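Undergrad: fold the following for me, if possible:
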Amino acid sequence: MSNDDRTITQGWMATGTPDQQTVTPDWLAIDAPPIEGVTFKEIRSVATSNGYLTEIFREEWALDQSPVGQVFQRTLYPGAVTGWHAHAVTLDRLFCCAGSVRISLFDGRKASPSFGTVWHKIVGALRPAIVTIPPGVWHGVVALGPETALLLNLVDKAYAYDAPDHWRLPPDTEQIPYKLV
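TA: Here you go, the predicted structure:
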């Protein structure tokens, strides 16, 4: 805090704490996810003569080195909650292309340097971003706002119908120090 700021706040009844910088002057997030192996990239939409084009994933972004084995979409009605889930071997890449969602992560990997860390990000059509979630990181999604949200997932391994790589916990589990609901 500069001396000018201190002079201004000395006359306040309550001073509080000043905000930390969260975005660059170009409005790009500066806070890296604190969970080992998680990547986050805000994406800019490009205005065209008849709408917008939004790139979702490019190999040269180097978010991870895994292939794209399957792409699927999930529709979430307003207020919908997915519950917590994790994978033993599958890497998720989440992108919300309609509406808005809060993606919450919990690092449940005991050997990870960020074990026990919780992280959240609000993303959507107005703030496009892709979140890469490695195996062992629990994640849940809540649809925000009055419209249906559309979430894309670009996984590295296609869903195995006969042996799903899906582990689930309820949204209010005591095993994760954050309640999705």
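Undergrad: strand partners of the helix or strand hosting Val101, parallel vs antiparallel please.
TA: For Val101, the host element (DSSP states H and E) is strand 100-107. As defined by DSSP bridges, the strand partners of strand 100-107 come to strand 118-124 (antiparallel), strand 137-144 (antiparallel).
Undergrad: which of these sits most buried?
TA: A comparison of the strands paired with strand 100-107 by mean neighbour count, using mean count of other CB atoms under 10 Å, puts strand 137-144 on top with a mean of 23. Yep, even glycine has a C-beta here, placed from its N, CA and C like the rest.
Undergrad: would you mind writing the CA trace of it as CSV?
TA: Provided in CSV are the C-alpha atoms of strand 137-144 (Å, rounded to 0.1, in the frame of the first residue of the first chain):
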residue,chain,number,x,y,z
VAL,A,137,-8.2,-34.8,-8.4
TRP,A,138,-11.8,-34.8,-7.3
HIS,A,139,-14.0,-32.3,-9.1
GLY,A,140,-17.6,-31.1,-9.1
VAL,A,141,-19.6,-28.6,-11.1
VAL,A,142,-22.4,-26.3,-10.2
ALA,A,143,-24.5,-24.6,-12.9
LEU,A,144,-24.9,-20.9,-12.1
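Undergrad: use 41 as the first number for this chain going forward.
TA: Yes, from this point I'll number from 41; that puts the last item at strand 177-184.
Undergrad: give me the number of residues near the nearest residue to Asp196 once chain neighbours are set aside?
TA: Closest residue to Asp196 apart from its sequence neighbours, by CB to CB, 6 or more residues apart in numbering: Ser106 at 3.6 Å. Using other CB atoms under 10 Å, Ser106 is surrounded by 15 other residues.
Undergrad: C-alpha coordinates for the strand holding Val141, PDB please?
TA: The C-alpha trace of strand 140-147 is given here as PDB (Å, rounded to 0.1, in the frame of the first residue of the first chain):
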ATOM      1  CA  SER A 140     -21.900 -20.400 -16.500                       C
ATOM      2  CA  VAL A 141     -20.500 -22.900 -14.000                       C
ATOM      3  CA  ARG A 142     -18.300 -23.100 -11.000                       C
ATOM      4  CA  ILE A 143     -15.800 -25.900 -11.200                       C
ATOM      5  CA  SER A 144     -14.400 -27.000  -7.800                       C
ATOM      6  CA  LEU A 145     -11.400 -29.200  -7.400                       C
ATOM      7  CA  PHE A 146      -9.900 -31.100  -4.400                       C
ATOM      8  CA  ASP A 147      -6.500 -32.700  -4.600                       C
END
